[in-house]
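In: the following comprises the amino acid sequence and a computationally predicted model.
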Amino acid sequence: MGNVEKRSIKLMFIALFFIICVMFSSCGNTATNNNTAKTPDTPTGDMVQNETIAQNATEAPTSSKYQIGDTINQSDILVTVNGVRTTTNNGAVDVEAGFKYVYVDITIINNTKKDLISSSVMNYTLKDQNGRKLDFIVAINTNGSIDGTVIAGDKLTGEVVYKVPADLTIAILQIQTNILGKADQVELNF
């Protein structure tokens with residue numbers, strides 16, 4: 001077994017352990033504060049960017065589908081998809097033929113009075129236009145991670161990564177910051 005395979009297996013076990021921990025600790029997060037949405041810093045580099053970022057959650061679309069740059073208010077947990085990028089290498093291995101990796105850059109602002117557990121596996125799902133869930137992967141070359149605790153009044157910015165068919169150019173990111181709360185969708189073009 002090569003070093004890359006051992007490293008990939010180790011990363012999968014770490015991710016599995018983290019998912020189990022998050023499952024037990026994320027139940028019961030509720031929001032009680034009503035602050036105005038703030039626009040997160042805009043990422044740089046090869047990120048696809050929306051020209052106008054919502055100034056607050058009331059300016060976001062009224063439909064259930066949002067766009068890159070819109071700020072979504074889920075019970076005073078503000079979530080903004082800052083951009084997306086694609087690659088054929090996740091930092092450890094090249095993707096198999098016919099696929100690519102999609103990196104989704106997300107900012108979470110916790111305007112509640114309670115800490116929030118953020119999980120890229122439990123809070124975010126990427127689907128194609130037919131509703132088929134796409135594969136979440138653990139990558140080592142992300143620009144930050146959205147996994148962990150976002151303390152009350154703080155923010156967290158990072159990326160979540162999916163393996164998608166190479167010819168896919170549009171997908172829907174489903175966001176649900178509280179597993180018992182409502183879900184919103186963001187249309188991604190990449």
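Out: Received it, and whenever you're ready, just let me know what you need.
In: quick one: end-to-end distance for stretch 179-190.
Out: The first and last residues of stretch 179-190 sit 27 Å apart, counting by Cα to Cα, to the nearest Å.
In: may I see the buried residues of it?
Out: Applying a neighbour-count criterion of 16 or more other Cβ atoms under 10 Å, one finds 184-186, 188, 190 buried in stretch 179-190. (Glycine included, C-beta is placed from N, CA and C.)
In: same deal with stretch 69-88?
Out: 69-87.
In: could you do stretch 141-149 as well?
Out: 142, 145-147.
In: and which of those residues is nearest I175?
Out: Distance to I175, by Cβ to Cβ, is smallest for I146 among those, at 10.6 Å.
In: run a quick neighbour tally on the nearest residue to D128 once chain neighbours are set aside.
Out: Spatial nearest neighbour of D128, chain neighbours left out: A171 (5.7 Å); criterion: Cβ to Cβ, 6 or more residues apart in numbering. A171 has 22 neighbours, counted by other Cβ atoms under 10 Å.
In: packing partners of the helix or strand harbouring T107?
Out: Secondary structure assigned from DSSP states H and E places T107 in strand 99-110. Strand 99-110 sits against strand 77-87, strand 116-118, strand 124-127, strand 148-150, strand 155-165, with contacts defined as 3 or more Cβ pairs under 8 Å, 6 or more residues apart in numbering; DSSP states H and E.
In: that one pairs with which strands, parallel or anti?
Out: strand 77-87 (antiparallel), strand 155-165 (antiparallel) (DSSP bridges).
In: in JSON lines, list those along with distance to D105.
Out: Below are the strands paired with strand 99-110 laid out as JSON lines (distance: least, Cβ to Cβ, whole Å):
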{"stretch": "strand 77-87", "distance to D105": "4"}
{"stretch": "strand 155-165", "distance to D105": "5"}
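In: go ahead and confirm T169 touches F190.
Out: Yes. In this structure, T169 is within contact of F190 by Cβ atoms under 8 Å, at 6.2 Å.
In: take the helices and strands packed on strand 99-110 and lay them out in CSV including distance to I179.
Out: Below are these laid out as CSV (distance: least, Cβ to Cβ, whole Å):
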stretch, distance to I179
strand 77-87, 12
strand 116-118, 10
strand 124-127, 12
strand 148-150, 15
strand 155-165, 16
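In: show me what the one helix or strand L173 maps to pairs with in its sheet, parallel or antiparallel.
Out: Using DSSP H and E, L173 maps to strand 170-175. When sheet partners are counted by DSSP bridges, strand 170-175 sits next to strand 124-127 (antiparallel), strand 184-189 (antiparallel).
In: what's the closest of the ones you listed to V164?
Out: With respect to V164, and counting by Cβ to Cβ, the nearest of the strands paired with strand 170-175 is strand 124-127 at 7.3 Å.
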